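[1] Here is a sequence with its predicted model. Questions after.
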Amino acid sequence: MSKTITVNLNEEVENEFRKKAALKYGKRKGYLGKAITEAMDQWIRSLDSDVEAQSLKMLKEGIKMKKWKFKREDLYER
């Protein structure tokens, strides 16, 4: 399913994007939509990988919790 959105762009960015999209997809019907969809998908994936990297870093380094000090054994009594 496709969706129509309206956005305001910097004119220079729009012109350059249109040129690059036409080179990649040819100036046929739907070329701009394909290019925008691809760009948005890549942007979303880059953010997802940033979140994953940050989460892994937190797992390795731990989290500073101000005054709370405890050991694993305190949390999980056996």
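    Cool, got the structure.
[2] Lowest mean pLDDT among the helices and strands of the chain, which one is it?
    helix 72-75 (a mean of 69; mean pLDDT, DSSP states H and E).
[3] Tell me which stretches of this structure form helices.
    11-25, 31-61, 72-75 (DSSP state H).
[4] Now tabulate those in TSV and tack on distance to residue 1 and mean neighbour count.
    From N, CA and C alone the C-beta is placed, and that goes for glycine too. Below are the helices of the chain laid out as TSV (distance: least, Cβ to Cβ, whole Å; neighbours: other Cβ atoms under 10 Å):
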stretch	distance to residue 1	mean neighbour count
helix 11-25	20	12
helix 31-61	12	11
helix 72-75	46	7
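[5] I'd like to know which of these is closest to residue 2.
    helix 31-61 (7.2 Å; Cβ to Cβ).
[6] Who are the packing partners of that closest one?
    Packing contacts for helix 31-61, counted by 3 or more Cβ pairs under 8 Å, 6 or more residues apart in numbering; DSSP states H and E, involve helix 11-25.
[7] Also compute the angle for the helix it packs on relative to helix 31-61, please.
    100 degrees (axes from the mean of the first three to the mean of the last three Cα atoms, to 10 degrees).
[8] what residues does helix 11-25 touch?
    Under the criterion Cβ atoms under 8 Å, 6 or more residues apart in numbering, residues 9, 31, 32, 34, 35, 36, 39 lie in contact with helix 11-25.
[9] What's the mean pLDDT across that helix?
    In this model, helix 11-25 has a mean pLDDT of 97.
[10] chain center to that helix, what's the gap?
    Its chain's C-alpha centre and that of helix 11-25 lie 21 Å apart, by Cα atoms, centre = their mean, to the nearest Å.
[11] Stretch 2-14 now?
    The answer for stretch 2-14 is 18 Å, by Cα atoms, centre = their mean.
[12] Make residue 1 into 679 and carry on from there
    New numbering, starting at 679: the last item is stretch 680-692.
[13] residue ranges with poor pLDDT in this protein?
    743, 746-750, 752-753, 755-756 (pLDDT under 70).
[14] Quick one: residues contacting residue 687.
    Taking Cβ under 8 Å, 6+ apart as the test, what residue 687 contacts is residue 695.
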